[in-house]
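Trainee: Structural data only, the sequence is not supplied:
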């Protein structure tokens, strides 16, 4: 990923040609990010993009690290699938709890201060996990970690959207998610290599140090001169207005369930499926998870570029999302069919195609009025992580209905039934989208047109 390519998504400096790159109509700067909007691109990259992208890196790393640690955690605590699902999915539940406090702090204190506090809390949670002795202690530590990194995406999107041209927001969010892909990839094979040098407790001590170091870096590179944020925290009425927004409801109707399934499954159960059903050794599982998570980097960047390309040709982002969600469901159908020669390919495709669900953030940011952008991010994050919690914990409970064999592997039928349930959950959204698309085809060529954005029903 070239630094210059990433930098190009930000506004040009004051020497840029106004005709070639007109300035967006912004209100007076009220945050440290907006205050730096017209700095040179290099300064914007290091003060706006990189600190928050690294926060997203740590979010993804800490969210997915348990997928490789399963054998070690099970051996240490004798966990069954239900307990394993609870331990890992607690992260998502605590992320939900973090949304409104983070949104409140973000509007009052600005992105850089919030980033510092969040990551230091996550570092504390990692230390608690390293020294935890019981399942209850590890669940509590996992909750602290999730609360600490729970707002990184919200903070990053708000910070970056204040520093990029609106038309380049899909690409900028794509690069942001790509950094998350780096974190997810780091949680697989690299973590397995670290475990050759230490145990999982030593690993979490190292993760605590890394998280704290990124927090300090983000604080040190912040703009030194900035106006005090004066925004208001999201209110219950604002969240209700978001829910009533027609474009928001159409987006979550189509993408939300797939997004929650993508996050809930990739961080734990895809690896267990490869171990239990494909019978790959743990080293091979870690390698395949590494390839899968690395695919997020290319998938996220491609989704952003494709979305911008499609919009220039009159194709709405929601239509792009529909194609991607349909492909994601097809990959899960292949898992249900249990076609063994493609197990490794399906594991990679699940994550690669699933990156399309990240388009949800871009659609919401572009389709709602500016005053609802913050509450919309909070509402979207809460829905996504509640769903991911239910998917990850519920899938474990479902798998646990079957008995494992002598070496602890659960049967293929358990996973086939589980993935079959996931497919059935996603089909209504696709059917409703197709029906509305067909009904609207005689009036407008696109399901969600620009005039729809911001309307409520």
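Mentor: Cool, got the structure. Computed from a predicted model, the values in this text were never measured in an experiment. Numbering: from 1, shown residues only.
Trainee: mind showing which ranges of the stretch 151-300 of the chain have poor pLDDT?
Mentor: Where the stretch 151-300 of the chain drops to pLDDT under 70, the residues are 161-171, 223-235.
Trainee: How about the secondary structure of the residue lying farthest from the centre of the chain?
Mentor: In the chain, the residue that sits farthest from the middle, by Cα atoms, centre = their mean, is residue 406; the gap is 36.4 Å. With DSSP: H, G, I helix; E, B strand; the rest coil as the basis, residue 406 sits in coil.
Trainee: Roughly how far does it sit from residue 138?
Mentor: As judged by Cβ to Cβ, to the nearest Å, residue 406 and residue 138 stand 27 Å apart. To be clear about C-beta, it is placed using only N, CA and C from the backbone, and glycine gets the same treatment.
Trainee: still on that earlier bit, now the phi/psi pair for the residue farthest from the centre of the chain, please.
Mentor: Dihedral pair for residue 406: phi -60, psi -30, per degrees, to the nearest 10.
Trainee: Check what pLDDT it gets.
Mentor: Model confidence at residue 406, given as pLDDT, is 85.
Trainee: what are the ranges of the helices in the stretch 251-400 of the chain?
Mentor: Secondary structure of the stretch 251-400 of the chain by DSSP state H, counting those that start in this stretch: the helices cover 269-276, 282-312, 317-337, 343-354, 359-367, 370-399.
Trainee: Nearest to residue 261, out of these?
Mentor: Nearest to residue 261 among those is helix 370-399 (5.5 Å), distances taken as Cβ to Cβ.
Trainee: Which strands and helices lie in contact with the closest one?
Mentor: If contacts are counted by 3 or more Cβ pairs under 8 Å, 6 or more residues apart in numbering; DSSP states H and E, helix 370-399 sits against helix 81-109, helix 152-161, helix 236-244, helix 246-266, helix 269-276, helix 359-367, helix 412-440.
Trainee: was I right about residue 73 contacting residue 85?
Mentor: No: in this structure residue 73 lies outside contact range of residue 85 using Cβ atoms under 8 Å: 11.9 Å.
Trainee: So which of those two has more stuff around it?
Mentor: residue 85 (26 against 18; other Cβ atoms under 10 Å).
Trainee: Quick check, the more buried one in contact with residue 391.
Mentor: No: here residue 85 does not reach residue 391: they are 9.4 Å apart, not a contact under Cβ under 8 Å.
Trainee: and for the two, which residues touch both?
Mentor: Residues touching both residue 85 and residue 391 by Cβ atoms under 8 Å, 6 or more residues apart in numbering: none at all.
Trainee: can you list the helices of the stretch 251-400 of the chain in JSON lines and add distance to residue 142 and mean neighbour count?
Mentor: JSON lines is the format used below for the helices of the stretch 251-400 of the chain (distance: least, Cβ to Cβ, whole Å; neighbours: other Cβ atoms under 10 Å):
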{"stretch": "helix 269-276", "distance to residue 142": "17", "mean neighbour count": "24"}
{"stretch": "helix 282-312", "distance to residue 142": "19", "mean neighbour count": "20"}
{"stretch": "helix 317-337", "distance to residue 142": "26", "mean neighbour count": "20"}
{"stretch": "helix 343-354", "distance to residue 142": "22", "mean neighbour count": "22"}
{"stretch": "helix 359-367", "distance to residue 142": "24", "mean neighbour count": "24"}
{"stretch": "helix 370-399", "distance to residue 142": "12", "mean neighbour count": "22"}
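Trainee: out of those, nearest to residue 118?
Mentor: Evaluated over those, closeness to residue 118 peaks at helix 370-399, with 13.2 Å, by Cβ to Cβ.
Trainee: Next, the angle from the closest one to helix 412-440.
Mentor: Angle of helix 370-399 versus helix 412-440, following axes from the mean of the first three to the mean of the last three Cα atoms, to 10 degrees, is 150 degrees.
Trainee: tell me the mean pLDDT for helix 370-399?
Mentor: 84.
Trainee: how much distance is there from that helix to the middle of the chain?
Mentor: With Cα atoms, centre = their mean, to the nearest Å as the basis, helix 370-399 stands 10 Å off its chain's centre.
Trainee: And for stretch 209-223?
Mentor: Centroid separation between stretch 209-223 and its chain, computed with Cα atoms, centre = their mean, is 21 Å.
Trainee: For it, which residues meet the burial criterion?
Mentor: Buried residues in stretch 209-223, defined by neighbour count with 16 or more other Cβ atoms under 10 Å: 210, 211, 212, 214, 215, 217, 218, 219, 222, 223.
Trainee: Which of the helices or strands spans the fifth one?
Mentor: In other words, residue 215. In the assignment (DSSP states H and E), residue 215 maps to helix 200-220.
Trainee: Report all helices and strands that that helix contacts.
Mentor: The contact analysis (3+ Cβ pairs under 8 Å, 6+ apart) places helix 200-220 against helix 50-64, helix 66-77, helix 111-131, helix 189-194.
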